[in-house]
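*Asks:* no FASTA, just this:
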């Protein structure tokens, strides 16, 4: 089933859009099955669970951290994480900088921006993110590579609202790219779109979709 789901998904999206297979709470065997069918990017949201899976699975997997990241958990994933989708405040950035430096590596991160109507979703507000970038503390963190933006739309059947929220994220990406990262090729990712709304996200400029249920089925 996983092979069929992956094949179907790949055929439905542009080749340049990356698929992050959201493997959180799924066992190692399930992830290995997706790996065997060519999937290389997996998303997890618990640092210790991710560390355990990293130790058991092939080392060419790109692990993405996609949930709320507590500062005291950064150390577990700093040696190997490929991309953190949820950089949402300065204190977290400083901890990532510290742990990345300790591991002598640079960790790519996405600025998580709160674009939804739901309070439960995390991230900078658009204005908080503008202030964060204007303050410039990130320039003092050579081991943190700001690589784009991430956001989650409201969970709703209202496609106009979803589209409006994704459009906002894309416009913020363009604004930040032009103002701060015009000469930084690494600042290129717009991580938006999940199982229920990824087609709209791709239409609005997503470069990276986070898909769980559509690949692995209901948990």
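*Replies:* Here it is on my side, so go on. Not measured: the values here are computed from a predicted model. Numbering: from 1, shown residues only.

*Asks:* residue boundaries of the helices in this structure?
*Replies:* Per DSSP state H, the chain carries helices over the ranges 2-12, 28-36, 47-56, 74-77, 90-102, 126-135, 159-180, 198-203, 213-216.

*Asks:* and residue 190, which of the ones you listed is closest to it?
*Replies:* Proximity to residue 190, assessed across the helices of the chain by C-beta to C-beta, is greatest for helix 159-180 (5.2 Å). In this view, the C-beta of every residue, glycine as well, is placed from N, C-alpha and C.

*Asks:* Which strands and helices lie in contact with the closest one?
*Replies:* If contacts are counted by 3 or more C-beta pairs under 8 Å, 6 or more residues apart in numbering; DSSP states H and E, helix 159-180 sits against helix 126-135, strand 144-150, strand 189-191, helix 198-203.

*Asks:* quick one, which of these is nearest to residue 55?
*Replies:* Going by C-beta to C-beta, the one of these nearest residue 55 is strand 144-150, 24.5 Å.

*Asks:* Specify the angle between that closest one and helix 126-135 in degrees.
*Replies:* Here strand 144-150 runs at 160 degrees with respect to helix 126-135, directions being taken by axes from the mean of the first three to the mean of the last three C-alpha atoms, to 10 degrees.

*Asks:* What strands line up against strand 144-150, and which way round?
*Replies:* As defined by DSSP bridges, the strand partners of strand 144-150 come to strand 107-112 (parallel), strand 189-191 (parallel).

*Asks:* Could you save the ones you listed as a markdown table and add columns showing mean neighbour count?
*Replies:* Formatted as a markdown table, the strands paired with strand 144-150 follow (neighbours: other C-beta atoms under 10 Å):
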| stretch | mean neighbour count |
| --- | --- |
| strand 107-112 | 25 |
| strand 189-191 | 23 |
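
*Asks:* Pick out the residue closest to the middle of the protein.
*Replies:* By C-alpha atoms, centre = their mean, the chain has its centre lying nearest to residue 85, at 3.2 Å.

*Asks:* what does the model give that one for pLDDT?
*Replies:* You'll see residue 85 listed with a pLDDT of 98.

*Asks:* contacting residues around it?
*Replies:* Neighbouring residues of residue 85 by C-beta atoms under 8 Å, 6 or more residues apart in numbering: 43, 64, 65, 66, 109, 110, 112, 150, 191, 210.

*Asks:* Max pairwise distance over the residues you listed: which two?
*Replies:* Between all members of these, the farthest pair (by C-beta to C-beta) comes out as 109 and 210, at 15.4 Å.

*Asks:* how many other residues sit next to residue 62?
*Replies:* 15 (other C-beta atoms under 10 Å).

*Asks:* for the closest residue to it other than its chain neighbours, what are its contacts?
*Replies:* With sequence-adjacent residues excluded and distances taken as C-beta to C-beta, 6 or more residues apart in numbering, residue 62 is closest to residue 82, at 4.1 Å. Residue 82 makes contact with 41, 62, 63, 64, 108, according to C-beta under 8 Å, 6+ apart.
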